[in-house]
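In: Below: sequence and its predicted model.
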Amino acid sequence: MRLRQLFWSLILVHSALLSVGSTTIVLHAPQEREIQSVLEVWDLATEPAFLFYAALVITTVFVFIIHFIPQYGQTHIMVYIGVCSLVGSLSVMSVKALGIALKLTLSGMNQLIYPQSWAFTIVVITCVITQMNYLNKGVKSWKQGFNSMTQPSLV
(Lines give C-alpha, C1' and ligand atoms only; values in the text may rest on other atoms or scores of the structure.)
Protein backbone atom coordinates (compact mmCIF):
# COMPACT_ATOMS: atom_id res chain seq x y z
CA MET A 1 0.00 0.00 0.00
CA ARG A 2 2.84 2.38 0.84
CA LEU A 3 4.47 1.74 -2.53
CA ARG A 4 1.21 2.53 -4.31
CA GLN A 5 0.94 5.89 -2.49
CA LEU A 6 4.52 6.74 -3.40
CA PHE A 7 3.85 5.73 -7.00
CA TRP A 8 0.76 7.95 -7.29
CA SER A 9 2.48 10.92 -5.67
CA LEU A 10 5.35 10.56 -8.16
CA ILE A 11 2.85 10.45 -11.00
CA LEU A 12 1.22 13.66 -9.75
CA VAL A 13 4.56 15.44 -9.43
CA HIS A 14 5.60 14.20 -12.87
CA SER A 15 2.34 15.40 -14.42
CA ALA A 16 2.65 18.82 -12.81
CA LEU A 17 6.27 19.22 -13.95
CA LEU A 18 5.36 18.07 -17.45
CA SER A 19 2.50 20.57 -17.68
CA VAL A 20 4.57 23.47 -16.37
CA GLY A 21 7.55 22.60 -18.60
CA SER A 22 5.46 22.17 -21.73
CA THR A 23 3.61 25.43 -21.13
CA THR A 24 6.86 27.28 -20.55
CA ILE A 25 8.39 25.93 -23.75
CA VAL A 26 5.33 26.79 -25.83
CA LEU A 27 5.04 30.31 -24.42
CA HIS A 28 8.70 31.12 -25.02
CA ALA A 29 9.14 29.40 -28.38
CA PRO A 30 10.20 31.60 -31.30
CA GLN A 31 7.88 32.10 -34.23
CA GLU A 32 8.28 29.52 -36.98
CA ARG A 33 9.38 30.89 -40.30
CA GLU A 34 8.03 29.70 -43.62
CA ILE A 35 10.47 27.28 -45.24
CA GLN A 36 10.59 27.39 -49.03
CA SER A 37 12.86 24.42 -49.77
CA VAL A 38 14.31 21.25 -48.32
CA LEU A 39 17.70 22.89 -48.76
CA GLU A 40 16.81 25.38 -46.01
CA VAL A 41 16.11 22.50 -43.62
CA TRP A 42 19.36 20.85 -44.71
CA ASP A 43 21.21 24.06 -43.84
CA LEU A 44 19.64 24.00 -40.37
CA ALA A 45 20.43 20.29 -39.94
CA THR A 46 24.08 20.80 -40.87
CA GLU A 47 24.74 23.62 -38.41
CA PRO A 48 27.54 22.73 -35.97
CA ALA A 49 25.29 22.78 -32.89
CA PHE A 50 22.82 20.29 -34.36
CA LEU A 51 25.59 18.09 -35.74
CA PHE A 52 27.17 18.01 -32.25
CA TYR A 53 23.78 17.09 -30.75
CA ALA A 54 23.23 14.36 -33.36
CA ALA A 55 26.72 12.92 -32.76
CA LEU A 56 26.12 12.96 -29.00
CA VAL A 57 22.77 11.19 -29.40
CA ILE A 58 24.16 8.56 -31.78
CA THR A 59 27.11 7.90 -29.47
CA THR A 60 24.81 7.58 -26.45
CA VAL A 61 22.51 5.20 -28.35
CA PHE A 62 25.46 3.00 -29.33
CA VAL A 63 26.67 2.95 -25.71
CA PHE A 64 23.18 1.95 -24.58
CA ILE A 65 22.95 -0.79 -27.23
CA ILE A 66 26.45 -2.19 -26.72
CA HIS A 67 26.87 -1.81 -22.97
CA PHE A 68 23.64 -1.22 -21.08
CA ILE A 69 21.07 -3.33 -22.94
CA PRO A 70 22.99 -6.60 -22.59
CA GLN A 71 23.68 -5.86 -18.94
CA TYR A 72 20.40 -4.28 -17.76
CA GLY A 73 17.92 -4.89 -20.59
CA GLN A 74 16.15 -7.84 -18.95
CA THR A 75 15.41 -5.98 -15.73
CA HIS A 76 15.21 -2.28 -16.65
CA ILE A 77 12.81 -1.19 -19.38
CA MET A 78 14.17 2.36 -19.15
CA VAL A 79 17.21 1.33 -21.17
CA TYR A 80 14.96 0.51 -24.12
CA ILE A 81 12.87 3.63 -23.58
CA GLY A 82 16.08 5.67 -23.55
CA VAL A 83 17.13 4.28 -26.92
CA CYS A 84 13.68 4.93 -28.40
CA SER A 85 13.53 8.47 -27.00
CA LEU A 86 16.99 9.45 -28.13
CA VAL A 87 16.47 8.08 -31.64
CA GLY A 88 13.05 9.72 -31.69
CA SER A 89 14.63 13.09 -31.00
CA LEU A 90 16.60 12.72 -34.23
CA SER A 91 13.65 11.48 -36.24
CA VAL A 92 11.64 14.63 -35.45
CA MET A 93 13.89 16.80 -37.61
CA SER A 94 13.87 14.33 -40.49
CA VAL A 95 10.11 13.83 -40.39
CA LYS A 96 9.62 17.59 -40.42
CA ALA A 97 11.95 17.91 -43.42
CA LEU A 98 10.25 15.05 -45.23
CA GLY A 99 6.84 16.60 -44.55
CA ILE A 100 8.02 19.92 -45.94
CA ALA A 101 9.43 18.17 -49.02
CA LEU A 102 6.17 16.33 -49.67
CA LYS A 103 4.05 19.44 -49.05
CA LEU A 104 6.12 21.53 -51.44
CA THR A 105 6.21 18.72 -54.02
CA LEU A 106 2.44 18.37 -53.95
CA SER A 107 2.08 22.15 -54.32
CA GLY A 108 4.11 22.11 -57.53
CA MET A 109 7.72 22.70 -56.40
CA ASN A 110 9.36 19.30 -56.76
CA GLN A 111 11.68 18.71 -53.80
CA LEU A 112 12.31 15.05 -54.54
CA ILE A 113 14.99 15.99 -57.06
CA TYR A 114 17.29 17.00 -54.20
CA PRO A 115 19.45 14.29 -52.64
CA GLN A 116 18.81 15.93 -49.27
CA SER A 117 15.16 14.83 -49.46
CA TRP A 118 16.27 11.24 -49.90
CA ALA A 119 18.83 11.57 -47.09
CA PHE A 120 16.05 12.72 -44.75
CA THR A 121 13.95 9.77 -45.94
CA ILE A 122 16.75 7.33 -45.12
CA VAL A 123 17.17 8.88 -41.67
CA VAL A 124 13.41 8.60 -41.01
CA ILE A 125 13.33 4.93 -42.08
CA THR A 126 16.43 4.12 -40.00
CA CYS A 127 15.06 5.90 -36.93
CA VAL A 128 11.62 4.28 -37.16
CA ILE A 129 13.09 0.79 -37.61
CA THR A 130 15.42 1.33 -34.65
CA GLN A 131 12.61 2.69 -32.47
CA MET A 132 10.23 -0.14 -33.32
CA ASN A 133 12.92 -2.77 -32.80
CA TYR A 134 13.95 -1.58 -29.35
CA LEU A 135 10.40 -0.71 -28.31
CA ASN A 136 9.31 -4.28 -29.11
CA LYS A 137 12.33 -5.72 -27.28
CA GLY A 138 11.56 -3.53 -24.28
CA VAL A 139 7.90 -4.50 -24.17
CA LYS A 140 8.80 -8.18 -24.50
CA SER A 141 11.36 -8.07 -21.67
CA TRP A 142 9.09 -5.90 -19.52
CA LYS A 143 6.11 -8.24 -19.90
CA GLN A 144 8.23 -11.21 -18.87
CA GLY A 145 9.66 -9.39 -15.86
CA PHE A 146 6.33 -7.80 -14.92
CA ASN A 147 4.47 -11.10 -14.93
CA SER A 148 7.04 -12.86 -12.76
CA MET A 149 7.39 -9.92 -10.33
CA THR A 150 3.75 -9.01 -9.84
CA GLN A 151 1.99 -12.36 -9.73
CA PRO A 152 2.44 -12.85 -5.96
CA SER A 153 1.45 -9.24 -5.14
CA LEU A 154 -1.75 -9.34 -7.19
CA VAL A 155 -3.25 -12.15 -5.14
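Out: Everything's here; your move. Note that the structure is a prediction, hence the values are computed from the model and not measured.
In: Every contact and neighbour count from this point should use C-alpha atoms.
Out: OK.
In: got a list of contacts for stretch 61-81?
Out: 83, 86, 87, 134, 135, 137, 138, 139, 141, 142, 145 (CA atoms under 8 Å, 6 or more residues apart in numbering).
In: residue contacts, the most centrally placed residue in the chain?
Out: Most central in the chain under CA atoms, centre = their mean is residue 88, positioned 1.9 Å from the mean C-alpha point. By CA under 8 Å, 6+ apart, residue 88 lies in contact with 127, 128, 131.
In: Contacts only, for the last one.
Out: Under the criterion of CA under 8 Å, 6+ apart, the neighbours of residue 131 are 83, 84, 87, 88.
In: Provide the secondary structure category for it.
Out: helix (DSSP: H, G, I helix; E, B strand; the rest coil).
In: roughly how far apart are it and residue 38?
Out: Using CA to CA, to the nearest Å, we find residue 131 at a distance of 24 Å from residue 38.
In: same thing with the first one?
Out: Residue 127 is 19 Å from residue 38, where distance means CA to CA.
In: So between those two, which is more surrounded?
Out: residue 38 (25 against 22; other CA atoms under 10 Å).
In: How about the more buried one, nearest residue that isn't a chain neighbour?
Out: In space, and not counting its chain neighbours, residue 38 is closest to residue 101: 5.8 Å by CA to CA, 6 or more residues apart in numbering.
In: correct me, but that neighbour touches residue 112?
Out: Yes - Residue 101 is within contact range of residue 112, at 7.0 Å (criterion: CA atoms under 8 Å).
In: More neighbours: which of those two?
Out: residue 101 (27 against 15).
In: So that one, which state does it fall into?
Out: Quick answer, by three-state DSSP: residue 101 is helix.
In: OK, contacts around it?
Out: Residue 101 makes contacts with 37, 38, 110, 111, 112, 117, as judged by CA under 8 Å, 6+ apart.
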